[in-house]
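Colleague: can you look at this prediction? I've put the sequence above it.
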Amino acid sequence: MAYDGELADRIRELIADEPGLAEKKMFGGLAFLIGGNMAIAASGEGGLLVRVDPDEWDSLVETTKAYAMEMRGRQMRGWLRVDAEDVRMKRELTGWVERATAYARSLPPKR
């Protein structure tokens, strides 16, 4: 499955003015990086892949519709998946984009 171009456009619209923004095709999706750190992606599996503070990960899994990202059968702390139907509204998407970009900005820039 290819990533959802419309979802990528919606993300792009929300973060177009973000300093240090770059886009990169990764894992079959389109990732948005800030200072070289991945923040959020329109996933090749559909929906979003969201990078969050690992200290908030458990709480977000328990209190939102997001769920753990798995890679090779292992849960990846600090990474969440959010289904496309859970970000249909602009405010829903905005919340995840803001959380992901804030966390990416908090990390040291990659060179």
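Modeller: That came through fine.
Colleague: all strands for the chain, in order.
Modeller: Using DSSP state E, the strands found in the chain span residues 21-26, 29-34, 37-42, 48-51, 67-71, 74-82.
Colleague: export those to CSV and tack on mean pLDDT?
Modeller: Shown next, in CSV, are these (pLDDT from 0 to 100):
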stretch, mean pLDDT
strand 21-26, 96
strand 29-34, 97
strand 37-42, 97
strand 48-51, 97
strand 67-71, 90
strand 74-82, 93
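Colleague: which strands or helices does the helix ranked longest in the chain pack on?
Modeller: Secondary structure of the chain per DSSP state H: the longest helix is helix 90-106. Applying 3 or more Cβ pairs under 8 Å, 6 or more residues apart in numbering; DSSP states H and E, one finds that helix 90-106 makes contact with helix 5-15, strand 29-34, strand 37-42, strand 48-51. (C-beta placed from N, C-alpha, C; glycine too.)
Colleague: which of those sits closest to residue 88?
Modeller: Taking Cβ to Cβ, helix 5-15 is the member of those nearest to residue 88, at 9.7 Å.
Colleague: other residues contacting the closest one?
Modeller: Residues from elsewhere that reach helix 5-15, judged by Cβ atoms under 8 Å, 6 or more residues apart in numbering: 21, 23, 30, 32, 39-40, 42, 47-48, 84, 87, 90, 93-94, 97, 101.
Colleague: neighbour-wise, which of these leads?
Modeller: The most neighbours of any of the contacts of helix 5-15, using other Cβ atoms under 10 Å, belong to residue 40, which has 31 neighbours.
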